[in-house]
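A.B. asks: Take this sequence and fold it.
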Amino acid sequence: MRREKKSIVGDAEIPVVASEPEAGYRKSISETRFPSRIPAATLRDVIFSVETQTQFDECLAKIRFHKKIYVEWGFAEVDPLGRSSVLNFYGPPGTGKTLAAEGLAGTLGLPIIQISIADLESKYMGDTAKNIQIAFQAAQDCGGLLFFDEADTLLGQRLSSVTQGIDNEVNAMRSTLLIELERFDGIVVFATNFAKNYDVAFRSRITHHIRFSLPDIAARVRLWKRMLLPGIPIAGDRQELAQQCAALSEHLSGREIRTAMRLALPKALIAAEKARLPAMLAIENLQEAITQIRAAQAEVASQAGTAHGQAALAKQLLGVKTIEEK
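C.D. replies: Coordinates of the predicted model:
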């Protein structure tokens, strides 16, 4: 038996279907294949840049005022697909897309089902499309937010020239996803680092595209303040250290800022051990860690460029023309 409960967000009442525990209740295939969980965060745990925060607020307003816009004002008459909210989070790695999806579910009081392409793929023909159907059914059954992480493969352009069985499988997967998006009346979130290759049909069905930019100076200050926990002994003023680190970490993502802390803390302990002094985290430790991260970024970029050059050379030797040469 299922019962309907409501999640209150602002002035909106969002229906949530929940399974009512009863004797002999068995989980459906969809719930077993793609289980939901209680979110571990809310949007209060997410630090956005000003640009991203503005876009996110507008997106959240549609969800909060859904009943007023689509029912009371009657906008559903001209926008029947608007009963669902399909969100696309895109931007560089480490900018908080996954945490934001979790935080959105937590703020709305909904369970979350998180799925990657690996969870959907199958070696058996036709099963990937079936898994997509099962995933949407699981979200429908529990009234949860459906989150597709690393969705580039899912939302890419359908193939116009089908030459192999695998090509047909890819097209079937994407067509099934389009159909399920039209049927679904809940919240779906896609996250990707690359949004340029999306099929036009998917772009038109997404209600909000939210760009997750690298943290601006204000966001970096907040991130560093969060990382510099009260239990960590600091050499100097904690607030001043956060400001200094924010200035030093321009163009770093939130994930890279956390990595800088992971690198800096052992440095502080090693330095204290050598000097036989109490351990304290200093700006020098953090600056050295940030320098390491930037050096790693440059090295990876250099290797990527070399790999691209080697691939181009191999094609040239094989007589394969590049796009620029055609």
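A.B. asks: could you pull out the helices for this structure?
C.D. replies: Applying DSSP state H to the chain gives helices spanning 29-33, 50-64, 66, 97-108, 117-120, 127-142, 152-155, 165-183, 200-205, 217-227, 238-248, 254-275, 283-318.
A.B. asks: Of these, which is nearest residue 189?
C.D. replies: With Cβ to Cβ, the closest approach to residue 189 among those belongs to helix 97-108: 4.6 Å. In this view, the C-beta of every residue, glycine as well, is placed from N, C-alpha and C.
A.B. asks: helices or strands next to the closest one in the packing?
C.D. replies: strand 2-9, helix 50-64, strand 85-90, strand 112-115, strand 145-148, strand 187-192 (3 or more Cβ pairs under 8 Å, 6 or more residues apart in numbering; DSSP states H and E).
A.B. asks: Kindly recompute the last result at 6 Å.
C.D. replies: Helix 97-108 is packed against no helix or strand, with contacts defined by 3 or more Cβ pairs under 6 Å, 6 or more residues apart in numbering; DSSP states H and E.
A.B. asks: so how far is residue 44 from residue 61?
C.D. replies: 17 Å (Cβ to Cβ, to the nearest Å).
A.B. asks: Pull the number of nearby residues for the nearest residue to residue 232 once chain neighbours are set aside.
C.D. replies: Spatially, and ignoring its direct neighbours in sequence, residue 232 is nearest to residue 281 (5.6 Å; Cβ to Cβ, 6 or more residues apart in numbering). Applying other Cβ atoms under 10 Å, we find 23 residues neighbouring residue 281.
A.B. asks: Residue 281 and residue 236, how far apart?
C.D. replies: Distance from residue 281 to residue 236, by Cβ to Cβ: 9 Å.
A.B. asks: ok so, going back, is it true that the residue nearest to residue 232 touches residue 268?
C.D. replies: Yes - contact criterion Cβ atoms under 6 Å: residue 281 and residue 268 qualify, at 4.5 Å.
A.B. asks: roughly how far apart are the residue in the chain sticking out farthest from the centre and residue 209?
C.D. replies: The centre of the chain is farthest from one residue, residue 276, which by Cα atoms, centre = their mean lies 44.0 Å away. Using Cβ to Cβ, residue 276 is found at 55 Å from residue 209.
A.B. asks: Then residue 227?
C.D. replies: Relative to residue 209, residue 227 is positioned 29 Å away (Cβ to Cβ).
A.B. asks: Those two: which has the busier surroundings?
C.D. replies: residue 227 (19 against 16).
A.B. asks: Could you list which residues are in contact with the more buried one?
C.D. replies: With contact taken as Cβ atoms under 6 Å, 6 or more residues apart in numbering, residue 227 is in contact with residue 261.
A.B. asks: Which pLDDT value goes with it?
C.D. replies: In this prediction, residue 227 carries a pLDDT score of 97.
A.B. asks: Touching, residue 219 and residue 51? I think so.
C.D. replies: No - between residue 219 and residue 51 no contact is recorded; they are 9.8 Å apart, counting by Cβ under 6 Å.
A.B. asks: tally of neighbours for residue 176?
C.D. replies: Neighbours of residue 176 (other Cβ under 10 Å): 18.
A.B. asks: contacting residues for it?
C.D. replies: 129, 132.
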